[in-house]
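>>> could you look at this predicted model? Sequence included:
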Amino acid sequence: MKAARFPRPDAKPLTKENLIMSTIHARRCLATLILSAFAATSAFAATINVPSDIATIQGAIDAASPGDTIQIAPGTYLESVQWNNKDLVIRGDSATTTILKPNAYGLGAGTVLRTTNLTSASRLENLTLRDGRTLGWPDLGHGIKNVNSNLTIVNCVIANNDARWDAENGDEGLGGGMRNDGSSPTLIGCTFTGNIADRAGTVANYGSSPTFRGCNFSGGLWDAMYSDGSNLVFEQCQFDNLGIITQFGTNATLVDCELLNTSINHSAWWGSTLDVQRTNFIGSSNVRATGVTARIANSRFTGATGGDRRLILAGDEATLVNTLIAGNRNSVTDPGRVADNIGSALRCASTITRLINCSIVDNVGSFSPVVISSPTTIIQNSIIWNNRGVVNNYSLDDQNVWFVEPGPMVSYSNIERSSVLAGPGNLSALPLFVNRSAGDFRLQAGSPGIDVGLGGVVTAPPFLLDPTGSFITDLGGNARVIGPGVDMGAFEAPIQDTTPPVITTPGPLTATASSTLGAIVHFSVTANDDVDGPVAVTCNPASGSWFAPGTTTVTCTATDAAGNTSVATFPITVTYAWSGILQPINADGTSVFRMKSTIVVKFRLTGASAGITNLQARLSYQRISGDVPGPVNEATSGVGGDTGNLFRYSDGQYIFNWRELGLSTGRYRLMIDLGDGVSRTVELSIR
């Protein structure tokens, strides 16, 4: 009798998902056996496909083991996802086609993705996370909330999330797009747009160190970021119409970024830092750094309008290097706001302020657009010019720049104010920019600021800002020192090149004609410039052209980047190769012929010219009396079919039957002209 079979008490129902997970588990077991057999030490990572393997993202996360990949097919997934304590790769098809948003709102729901305790081995890729909402519940509405998580997020869009809560009663929602608590996520190529909150509509950071690379931030409500005790890094990011607030012991670094109508309000406890490198602030963007050490290098502040101050630095120390502050129009006419507009382009009140190789030009404010009131102010290699106030008819000195006592230490700078010229190397002369009206503040040739700066200042801190340990370049990306000395201002002028290139020709060339057209001649001509190095050369006629018999002058031209032009010439001579005079005339001049006899003059073309049968060769002669040659006469012939003084071609030879009936006895020189400019002669006697 067979024993009865009963199901196990813990058996799971036979569903599609359970069958799939059993298959995945079986694969892992098989892989483990195989890897064990080969002494492998790493675990087998499976790929779970959503929705073909498991219907939901949350279900796939719950079923996955550390190291697994969850591949999400295109579609819109209505879920609030929890991803905790398990390093995975979660990858969508693309942010355009794979969308995640909450399916419910209220207590415990409303945030799109919440992560906890993830390491940098976790990755989130190619997803849109949108439409998170609080709907009156606390700590919800985020696109992503990270707690103690250091995951990497790539090519994701975080959009239209709303973390507003109950600000009227003092309960603020922060971080509509993302909130980081004790986390250090890295975001690459991500977009934040349309996220809102009571504060920090885009990102809120608490004790966190996020890094953003190649990310875009736009289209939200309220300030973009609020940070407390954090470290922020932005590389190659773009901000459009947002605000950034970093405060309470927060350090911020911006490298190669662009801010359009976006403000940085960096107020923090003393000891925090704001580092800005190679970053452009465009339009109404401004920086307020209060209570921090600010270091700004190779950056631009241009095109601001309205009444806000452009750059306010008030902290431990402020250093600006290779920075341009130009063309900002921040004047106001409201009498109640005029005093607040003083220093509308630059207001420095840090304990120590350094301006090194900066250009502060063409700014307009209600009073002096540039106000520096630091107890210690050092200005070196800088240009401060044409900054104007527009009310109360302030004098030129006060309009351009206002130094509050005890006054600055200014050296090797060009400042439109006579009272600061006591320092060494200072100027007060038109800077001669390339094109001020077009915003080109490079120095043109002949500028008084070229090569007259203090060189030692650019080979010591704060110029050592590059993480590679090398010295930073000028604002245009060129070497900071070009020529004998460093220039004033943010841009280093190129070497004033007035020397044309040197052209090297092959010298006189010769060639043998292969037809009556002449010969094809190839040659090489080069040019080298002291500044540009090798430069292009144009020759006329060009190499590879036909050159006619005789001498042709080749003219070559080379122009360097500064417009300096050189011209060089050389000759190319093309001749016919010939045998010399043939019998019956002796080439050594010893031949003697009887008067009134017919003298046969013959020669051959040889070498490359041997195949020419249509050469127009002519014979002339002159009588020599003593050593004095007489006039030249064209030879004539009355026999053998010769025409005029032209040789005829026959059987590989050129022949002329010369018979001059009126010749007297004496010595004669025969001249054979092949049309290539070469003198070919032979002498003989007639008796």
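Structure received.

>>> all contacts plus neighbour counts: C-alpha atoms, from now on.
OK.

>>> buried residues of stretch 254-272, list them for me.
Going by neighbour count (16 or more other Cα atoms under 10 Å), the buried part of stretch 254-272 is 254-268, 272.

>>> out of those, the closest to T552 would be?
Of all the buried residues of stretch 254-272, T552 sits closest to D256, with 57.0 Å by Cα to Cα.

>>> now do the contacts for that closest one.
By Cα atoms under 8 Å, 6 or more residues apart in numbering, the contact set of D256 is 235-237, 277-280.

>>> let's go with 10 Å and repeat that
Contacts of D256 were listed using Cα atoms under 10 Å, 6 or more residues apart in numbering, and they are 213-214, 234-238, 276-280, 298-299.

>>> then T119?
85-88, 148-152, 183-185.

>>> any idea how far it is from I48?
Plainly put, T119 is 20 Å away from I48 if you go by Cα to Cα, to the nearest Å.

>>> in a markdown table: the contacts of T119, plus distance to Y412 and secondary structure.
Formatted as a markdown table, those follow (distance: Cα to Cα, whole Å; DSSP: H, G, I helix; E, B strand; the rest coil):
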| residue | distance to Y412 | secondary structure |
| --- | --- | --- |
| N85 | 60 | coil |
| K86 | 60 | coil |
| D87 | 57 | coil |
| L88 | 58 | coil |
| N148 | 51 | coil |
| S149 | 51 | coil |
| N150 | 48 | coil |
| L151 | 50 | coil |
| T152 | 48 | strand |
| S183 | 47 | coil |
| S184 | 44 | coil |
| P185 | 45 | coil |
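
>>> filter the residues you listed down to the buried ones, ChimeraX style.
Buried members of these, defined by 16+ other Cα under 10 Å, are picked up in ChimeraX with:
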select :86,87,88,148,149,150,151,152,183,184,185
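
>>> what's the closest of the contacts of T119 to T643?
Looking across the contacts of T119 and measuring by Cα to Cα, the closest to T643 is T152, at 96.4 Å.

>>> and the nearest residue to A511 once chain neighbours are set aside, its phi and psi?
Nearest residue to A511, sequence neighbours excluded (Cα to Cα, 6 or more residues apart in numbering): V574, at 4.7 Å. Taking degrees, to the nearest 10, you get phi -110, psi 130 for the backbone angles of V574.

>>> ok, V574 - contacts?
By Cα under 10 Å, 6+ apart, the neighbours of V574 are 509-514, 517-521, 546-552, 676-678.

>>> measure the residue nearest in space to the middle of the chain to A490 for me?
Geometric centre of the chain, nearest residue: G477, 8.6 Å, by Cα atoms, centre = their mean. With the distance defined as Cα to Cα, G477 ends up 10 Å from A490.

>>> what touches both of those two?
Jointly contacting G477 and A490 under the rule Cα under 10 Å, 6+ apart are N298.

>>> hmm, back to that, what about the residue nearest to the centre of the chain, distance to Q277?
Distance of G477 to Q277, computed by Cα to Cα: 12 Å.

>>> what's the answer for G249, then?
Going from G249 to Q277 by Cα to Cα gives 21 Å.

>>> which SSE is immediately downstream of the helix or strand H266 falls within?
Assigned by DSSP states H and E, H266 belongs to strand 263-277. Counting by DSSP H and E, the next helix or strand C-terminal to strand 263-277 is strand 280-282.

>>> which residues touch that next one?
Contacts for strand 280-282 (Cα under 10 Å, 6+ apart): 238-240, 255-264, 287, 298-304, 310, 323-325, 328.

>>> how far is that strand from where the chain is centred?
Centre-to-centre, strand 280-282 and its host chain are 18 Å apart (Cα atoms, centre = their mean, to the nearest Å).

>>> now do the buried residues in that strand.
280-282.

>>> tell me the confidence at N614?
Listed pLDDT for N614 reads 96.

>>> that one contacts G652, correct?
No. Counting by Cα atoms under 10 Å, N614 stays clear of G652, with 11.0 Å between them.

>>> quick revisit: just the closest of the buried residues of stretch 254-272 to E317, please.
Using Cα to Cα, the buried residues of stretch 254-272 come closest to E317 at S272, 10.6 Å.

>>> in its sheet, which strands sit next to the helix or strand encompassing V287, and in what direction?
V287 is part of strand 286-297, with elements assigned from DSSP H and E. Sheet pairing of strand 286-297 (DSSP bridges) gives strand 263-277 (parallel), strand 311-314 (parallel), strand 317-321 (parallel).

>>> so who does N540 touch?
Residues near N540 by Cα under 10 Å, 6+ apart: 553-557, 569.

>>> ChimeraX command to pick out the buried ones of those?
Listed next is the ChimeraX selection for buried residues among these, using 16+ other Cα under 10 Å:
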select :554,556,557,569
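
>>> which of the contacts of N540 sit farthest apart?
Greatest spacing in the contacts of N540, by Cα to Cα: T553 and T557 (13.2 Å).

>>> going along the chain, name the helices of the chain.
Assigned by DSSP state H, the chain shows helices spanning 16-37, 57-63, 396-400.

>>> least reliable of those by average pLDDT, please.
Of all these, helix 16-37 carries the lowest average pLDDT, namely a mean of 45.

>>> residues contacting the residue nearest to S94 when sequence neighbours are not counted?
Distances taken as Cα to Cα, 6+ apart put N126 closest to S94, at 4.4 Å, once the chain neighbours are dropped. With contacts defined as Cα under 10 Å, 6+ apart, N126 is in contact with 72, 90-99, 153-157, 189-190.

>>> mean confidence score for stretch 130-140?
Rounded mean pLDDT across stretch 130-140 is 71.
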